[in-house]
Structures are given as C-alpha cells and as structure tokens.
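Chemist: requesting a structural model of the entry that follows:
(chains A and B)
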Amino acid sequence: MTVRVRIAPSPTGYLHVGTARTALYNYLFAKKNNGKFILRIEDTDVERSSKEMTDIIIESLKWLKLEYDEGPFFQSDYFSHYIDHIPQLEKTGGIYRCFCTPEELEERKKKVIEQKKAWKYDRKCLNLSKEEIEKNLNEKKPYVWRVFIPEGKTYFDDLIHGRIERDNSEIEDFIIVRSDKTPVYNFAVVVDDYRMGVTHVIRGDDHISNTFKQLHIYRLFGVEPPKFAHLPLILDEKKAKLSKRSGTVSVLAFRDMGVLPEAFVNFIALIGWSPKDNREILSIDEMIQLFSFENVAKKGGVFDYKKLEWMNSKYITKTDDEKLYELLKPFYKESGIDIENFEKEKILKIIFSVKEKARYLKEFPYLTEFFFKEISDYDKKGVEKFFTPDRLSHLKVLVKELENVEKFTSENVEKLYKDYVEKNGIKGADVIHPTRLALSGRTEGPSLFLMMEIFGKEETLKRLTKVL
RNA sequence: GUCUCCAUCGUCCAGUGGUUAGGACACAGCUCUUUCAAGGCUGCGACACGGGUUCGACUCCCGUUGGAGACGCCA
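Modeler: You can find the predicted model right below:
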C-alpha cells in the first residue's frame, strides 16, 4: 500500500510555524516511503476562511520547498458531499438529531459547571419519539446531527506515543453537522481522509482528543481508520503552545526577515526530531533519508530564536555570493539601495565582505551601507580615540604613499600599511583604526584592506583626505 | 475542574539496565585577529521527587509533584 499523507491547514490565518513543521514531517515521511504528500485546505468554517489566507499558505509551502503531489483540495467544494453520508450513518443508529439551541445548551452547561462538574452533552434529544421529531421537523426547528457514543473504551496505537486510551464516558455525543447543514471539522476530516486514501494522519498532539471522536465516525462507516502520529507541539519561551501571542509565528515573516528556507526547515526539523548521530546541519535529502517516528520526541519543544539565528548565519555563510546577490536584491531595495545600479563584481565583493557576520539577510544593507553613501557622521567614541593629531599625521603620510600604489588590491595595500608600521615603529592599530573610521564612520566592520580594495583608490583617498 | 499527553543541562536533542551521562544553541573565559563577527580551545550546567523490580537503575513498574493540551453548531 502506498503511503499517502496530507497537510490540512485552515485558511483562517497565516501559515503557522507549527503547521510548517507538521507539513515538513508529513513531507519527510511521504518522501521516505515513496508516498504522496497532499495539500487540503480545511475551509468548512466559511466565516473565517479567506482566499488571501489560502494564497499565503500556498506561497509559504512553496517558499519552504515542500512541494505537494496532489491538491490543493478545498473542503468547501464538497459541502454537499458530506451531507450525502448522513442517511447511511442514520441507518446505523449511531447518529441522531438534536434540536437543542445553542442558548439552551449554554444555560444547561452553566448550571452543571456551577456544581463543579464536567459538562458533557446531556443527551436530551437522544430518545425523542418519532412523533416529536416529526413535529419539530414540521415546525422547521433547526437541528444538528450528533454521534451517539456507546459505553466502552476507545483506543488507538499512536506511532509516536504508543497506545492511547480513553473511556467513552469521557467523550460526549459530539456534533458532526451544523444546523446550517455544513459539516463540522471532525466529520469532514474523516470523510476526506477516507476518500483521499490517507494512510497516515500526522498532526499536532493537540488533536489527540479529536482522534477519539474521529475513531467513532470511522466505526460508524465500518471503515479501517488510518494510522495516527501525534507530534509534540512547538512551544514559546513560556512553554505554552506557540501562538500569535508568542511573537512571530508566520512563516512568511521569517522569509521577510531574511531567513533562508533551507535554514528554517533545518531548524524546525530539529524541534522534536533529530538523527541518531546528533548532527545539526542537514539537507532536506539527508532528513528524508534519516526520518523515522522512532526519533520523534514526545515532549514539546521550545522555539529558540537564538538557535535559528545561529543556523541561519551558518547557511548564509555557505551560500555562494552569486546566489546571495539574487536573494539580497529585495532587501537592499527595501532600504533604498538598488544594487543592480552598481558594478556587479563590486557588489559581490561587498557581499563577501560581510557574509560571515550576518544572521539575517535583512542585516546586509545596514552592514554595508557605508559602501553606498558618503560618510557624514563618524562614531563619536571612535573619533575621540582614533582621530588624534599623531594618528592623523600618520594618515597624512599614508595618503601620499597610497597615491603611488598602482594595483589597488587588498594585498598591496596591506603590504604598504605593514611596511609603514614597521618603518615607523608604531602599532598597526594606530593607523588601521583611524583608516576604518574615515572610510566607514564605524569602529567595526569588514576586513579593512578588503574594504579599501572595494572602494578603490580614488574613493579611499577621498574619504581619507576628508578627515585630515 | 475532568480527561489525555509529557518529564535528561537555561534551550533543542543523544542515551533504551552497568557511561567520567554525550553533542548543539545560549552564557563565561582564553586564543586567533586591524575592528566586529566567525573560527579554535576551555569552562559553567541536567537525569523533578518518593517507592518498588533488579546484583545493579537516567533507563522498567507504581505513585507524587510539575508542565502542557483538549474539553465549541473553530479547525
């Protein structure tokens, strides 16, 4: 039997980091087993679903390079389809009409909770007589369909947790069809997963309680349920389920910060899973190779921004300059610099000069902005420290010598500085720091001699002369 | 509150009866260096607790405690 898995986000918000990781694990499992990865949009909540969000979800998946083999399918396209199954289920005697209004329910629920008891639907409509039902129907009273939960126990063997069991008395007679005839999540999921031949349901463990309900629907259909794997949740610093309130959770927000998709995927993969040998940097192919539920943790994991930063900087460092050039265009544009207006070779060198420092692509413009604009203000402390009379007098001499350099390469410039320092018995820092400050206005930055080469002779001399 | 899940360094993971309990991030120090980073080295730092089982428990069982999740005509 070929493996078929799905990711089933609801288009009521951006693609969440947690959903992204669920998608990743589904993807890894599918690829590992030569199976199919399906995208299904769970939009049965018409009120809260939107086309924009659907587009964002698709765009997010695309950015992550988690390509789906089938879909996207939309549950809203099958609305009538779900209801078609009701007569079949009714015949089993496993579902029943409930005419209780939300208001009535609310009232009864309140009373029960006041007595500090757990609320569960009280089955008021379970044993309505044929006549009563007819009467209600004739009066056009709205009703929902509920599943009757018999006595006993419900259990399943989770691929990650092992057997999970729950007494049926803990499961209420839940609703599968709303009074407006639309299916509720638990019902739509079962119908779809079955229709699509989903073999493994891999989802967050916040769905465990839904699984029990869904199992009862499978039972009524007389159909073998799929295998389940409930993933531990991704947590925030406070160890609560990661949510909008926890900070940035939208996948595209990470893209916009300049996180590389490969780094992001690598990072989220490692929350809740790791290869046996503790490797940290893994390509998607390696992950596919190594993925197994045996290595998936049961415990929820905190989303550690610091580690993401570290990993992203690793990926940036190893990305080649040409590729970075392409990726960086929008980030520079956003800060008002059109790098395509400059000589590409020069931009490539600029990128190279700071790529080991950047943690996010977004940092490049700031890290390199002095290459693109004249310096008007110099670091205050730096000025006090480095623009002293003695140091400036050295610079003055250096400027003259620099003028005579024919090939203005970092090697040649460096040699010139080294020779000068030795000849005059001073410290390299005494001329290097003032030079850096004059060129960039900063006390820190890329390798100085490389900077000089990038600026070229003319611009270097211009900037140096300006501070003398 | 009820039910379910979970429990190794601050954080993410290794560890599946006998280990000096390992790696990574973070943090601190040292080193390298023209600066900041990066790199290299070192350090700090954990088996929640209590009972069993066993010759022997971080590893198995049971409790306790703690944390999380679910308790919608949301998904």
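Chemist: residue numbers of the stretch 1-150 of chain A in contact with RNA strand B?
Modeler: Within reach of RNA strand B by CB under 7 Å from any atom of the strand, the stretch 1-150 of chain A has these residues: A:8-10, A:12, A:42, A:44-45, A:48, A:100-102, A:105, A:109, A:116-120, A:142, A:144. Glycine gets a C-beta too; all of them are placed from N, C-alpha and C.
Chemist: for PyMOL, write a command that selects the buried ones of those residues.
Modeler: A single PyMOL command selects the buried members of those (16 or more other CB atoms under 10 Å):
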select buried, chain A and resi 8+9+10+42+44+45+100+144
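Chemist: take the residues of the stretch 1-150 of chain A next to RNA strand B and keep only those in helices.
Modeler: Counted as lying in helices by DSSP state H, out of those, are A:102, A:105, A:109.
Chemist: which one of those is nearest to RNA strand B?
Modeler: Ranked by distance to RNA strand B (CB to the nearest atom of the strand), those are led by residue A:102 at 4.4 Å.
Chemist: and the pLDDT for the closest one?
Modeler: Note on residue A:102: pLDDT of 94.
Chemist: including distance to residue A:217, could the ones in helices among the residues of the stretch 1-150 of chain A next to RNA strand B go into CSV?
Modeler: As requested, these are exported to CSV (distance: CB to CB, whole Å):
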residue, distance to residue A:217
A:102, 22
A:105, 21
A:109, 24
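Chemist: of the residues you listed, closest to residue A:460?
Modeler: Among those, residue A:102 lies closest to residue A:460 (CB to CB), at 74.9 Å.
Chemist: the closest one and residue A:148, how far apart?
Modeler: 20 Å (CB to CB, to the nearest Å).
Chemist: low-confidence ranges in chain A?
Modeler: Counting by pLDDT under 70, chain A contains no low-confidence range.
Chemist: the residue nearest to residue A:2 when sequence neighbours are not counted: neighbouring residues, count only.
Modeler: Excluding the flanking residues, the one nearest residue A:2 by CB to CB, 6 or more residues apart in numbering is residue A:35, at 5.5 Å. Residue A:35: 19 surrounding residues under other CB atoms under 10 Å.
Chemist: next one: residue A:205 from RNA strand B, what distance?
Modeler: According to CB to the nearest atom of the strand, to the nearest Å, residue A:205 stands 5 Å off from RNA strand B.
Chemist: isn't that residue up against residue A:232?
Modeler: Yes. Shown here, residue A:205 and residue A:232 form a contact pair, counting by CB atoms under 8 Å, at 5.9 Å.
Chemist: please enumerate the shared neighbours of the two.
Modeler: Both residue A:205 and residue A:232 are contacted by residue A:160, under the criterion CB atoms under 8 Å, 6 or more residues apart in numbering.
Chemist: quick one: stretch A:182-192 near RNA strand B?
Modeler: Yes. For stretch A:182-192, a contact with RNA strand B is found by CB under 7 Å from any atom of the strand, at A:182, A:184, A:185, A:186.
Chemist: so what's the second one up against?
Modeler: By CB under 8 Å, 6+ apart, residue A:184 lies in contact with A:44, A:174, A:175, A:176, A:177, A:178.
Chemist: rewinding a little: any of the residues of stretch A:182-192 next to RNA strand B buried? List them.
Modeler: A:182, A:184, A:185, A:186.
Chemist: give me the nearest residue to the last one, chain neighbours excluded.
Modeler: Read it as residue A:186. residue A:213 (5.0 Å).
Chemist: so that neighbour sits against residue A:168, correct?
Modeler: No. With contact defined as CB under 8 Å, residue A:213 does not reach residue A:168; the gap is 10.8 Å.
Chemist: all helices for the stretch 51-200 of chain A, in order.
Modeler: With DSSP state H, counting those that start in this stretch as the criterion, the stretch 51-200 of chain A has helices at A:51-64, A:79-84, A:86-92, A:102-114, A:130-138, A:185-195.
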